[in-house]
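> all I have is the shape, not the residue letters:
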């Protein structure tokens, strides 16, 4: 038996009462009227109040406010200004003709997350500056807690950025314009172009940087690719920075180029001697107070230069530590260390200032550089620099390699050592320059060991067949602020000598003025003659080298000399008396005078004595030819000198 079906329930809309219909109609009409008549500008003041409350800075919207509602709601505002820190002299930190901001509504409503996919700024101006205590005006509001706001992209049209740091004498004025990102997921990069002063020195800047939105997170790398020019100095930095405005940390490839490394001193505080034009490229990083320039390579003048360098700041004086290597060093590129310009002829690398200095030096009667050392630079920093050159290019000098260790501490400079490989031997030096007083006090100890005579004068034909090893010691001290000044006041001892060897007979006969023998060698073929020893021993007093002993002894001739060399006046005054040991007609037994200046030396016979002997010869010739010949016969009165001591070993 079937159960009885229960009746189906029916739902039906009840007709509105007259009162309900009126209320609904009025509400709909109000919504329509509000939608038609609502003015978004009514919200300007509430928005300004919220921003001011959150940041502690004034905020004004002087133009219109408009909103397009949707899943992504876009708000536009004109003529905006944002207040500056109270300590600033300028009341406005930021301003824009128009700002357009898009917000995703659903994450904001349901997750309480603020997602801003795009900000578009028209003619924005941003002023970033540091205050008296070093704090930036970009630090404001409550920065504690985790931010729930994310930004995806910022687009800038015709923007301007000012950065000022009075303590470091730095100000930057940059124009900004966004460029389209290479991929949809990337924020728009920004082209920059501007100028300013860095540490008081003017510069220009151009390149591209990542979106300014990335500056908010100081713990994430900020990518840059910038080129800067400061006078003749150029730099190209590419890589990443952390906290760019404080340069807290970075990893960059940095190219430096210019006309003179000396120009870097006012820019970065690192003092170097004058150099020819240079170009270097390496990895630039920072570790706390130490700035590293690692694995760099390039050229300075006509020399290659590579290695690593580090500058530590935050101490009484910056400290430069460097390990430098040159595979091929052009010797004249070192001229700046002694206050002289490099060679400037032909293809030699040099700048305009150095070419003018070289021209003036060429016209000067003096040879020793008199350019004073800069005491300010010698006292401005400390240094520990090692520099090795595996091969040295010096066509007129037989220099093979170099090993130098420079130490600088509070104006006291030491080269320990300064060694050169020369003619298969060594010149080893220890030099101390004390620039802690107004006049530099210099002490130099130089040891010359086993220099090969045949290689010592590579461009001289007469010495190519020579054999012998040269050695000696120099110990001098002087006061002065230039090389000329130091040598011109020097006191000390200089001794150089050679033991057994051989030398061109033609050279010896010319030195002995043995005309007959010299003509014979010129017509036929030169021979070599054994050398027993040669030595020169000088006492140096007040810049004047006075001979103690000066002799050159061979199997054919002994030459004994005396006189002085003035380092102060750059003059030579030596008398060399050759005494041939063989018999030869036409031998003129006259002293040779080495005179003139360092730049223009002379080597001549004593003409007064030669004239007297010539007159005797003419007088005898009127009597009998054999007698006239007898007047010029050299009977070889010279005897072997007592070659002993360390130079005859």
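The structure has been received and is ready for your questions. In this text, all values refer to a predicted model and were calculated from it rather than measured experimentally.
> make it CA atoms for all contacts and neighbour counts henceforth
Will do.
> low pLDDT regions in the chain?
Applying pLDDT under 70 to the chain picks out residues 1-38, 142-148, 216-219, 243-249, 457-465, 503-529, 556, 580-590, 605-649.
> so which residues of it form helices?
Assigned helices in the chain, in chain order: 18-37, 44-55, 105-110, 265-268, 352-363, 375-380, 453-456, 483-488, 505-511, 515-523, 607-621, 625-630 (criterion: DSSP state H).
> the spatially closest residue to residue 432 that is not a sequence neighbour and residue 199, how far apart?
In space, and not counting its chain neighbours, residue 432 is closest to residue 414: 4.5 Å by Cα to Cα, 6 or more residues apart in numbering. Distance of residue 414 to residue 199, computed by Cα to Cα, to the nearest Å: 30 Å.
> so for those two, which sits in the more crowded spot?
residue 414 (21 against 17; other Cα atoms under 10 Å).
> number of nearby residues for residue 110?
Neighbours around residue 110, by other Cα under 10 Å: 8.
> that one: what's it in contact with?
For residue 110, the contact set (Cα atoms under 8 Å, 6 or more residues apart in numbering) is empty.
> outside of stretch 419-433, which residues touch it?
398-404, 412-418, 440-453, 455-456.
> from those residues, which land in strands?
399-404, 412-418, 441-452 (DSSP state E).
> do I have it right that residue 502 meets residue 467?
Yes: using Cα atoms under 8 Å, residue 502 is in contact with residue 467, at 4.9 Å.
> tell me where the stretch 451-600 of the chain has strands.
Ranges of strands within the stretch 451-600 of the chain are 469-479, 491-498, 501-504, 528-541, 544-554, 557-566, 571-580, 592-596, based on DSSP state E, counting those that start in this stretch.
> what packs against the fourth one?
When contacts are defined as 3 or more Cα pairs under 8 Å, 6 or more residues apart in numbering; DSSP states H and E, strand 528-541 packs onto strand 491-498, strand 501-504, strand 544-554.
> could you redo those strands as a markdown table and give each row mean neighbour count and distance to residue 359?
Shown next, in a markdown table, are these (neighbours: other Cα atoms under 10 Å; distance: least, Cα to Cα, whole Å):
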| stretch | mean neighbour count | distance to residue 359 |
| --- | --- | --- |
| strand 491-498 | 21 | 32 |
| strand 501-504 | 21 | 37 |
| strand 544-554 | 21 | 28 |
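> mind putting these into JSON lines with distance to residue 139?
Shown next, in JSON lines, are the helices and strands packed on strand 528-541 (distance: least, Cα to Cα, whole Å):
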{"stretch": "strand 491-498", "distance to residue 139": "63"}
{"stretch": "strand 501-504", "distance to residue 139": "80"}
{"stretch": "strand 544-554", "distance to residue 139": "68"}
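> what's the closest of those to residue 140?
strand 491-498 (66.9 Å; Cα to Cα).
> quick check: bridge partners of residue 564?
Counting by DSSP bridges, residue 564 is bridged to residue 546, residue 573.
> wait, residue 593 sits on residue 604?
Yes: assessed by Cα under 8 Å, residue 593 is found in contact with residue 604 at 5.4 Å.
> who has more neighbours, the two?
residue 593 (21 against 13).
> and the residue nearest to the more buried one when sequence neighbours are not counted, how close does it get to residue 203?
The shortest distance from residue 593 to any non-neighbouring residue, by Cα to Cα, 6+ apart, is to residue 575 (4.6 Å). Counting by Cα to Cα, the gap from residue 575 to residue 203 is 60 Å.
> which of the two has more neighbours?
Neighbours were counted for residue 575 and for residue 203 using other Cα under 10 Å; residue 575 has more, 22 against 18.
> residues in contact with the more buried one?
Residue 575 makes contact with 561-563, 591-594, according to Cα under 8 Å, 6+ apart.
> residue 78 reaches residue 61, doesn't it?
Yes: contact criterion Cα under 8 Å: residue 78 and residue 61 qualify, at 6.6 Å.
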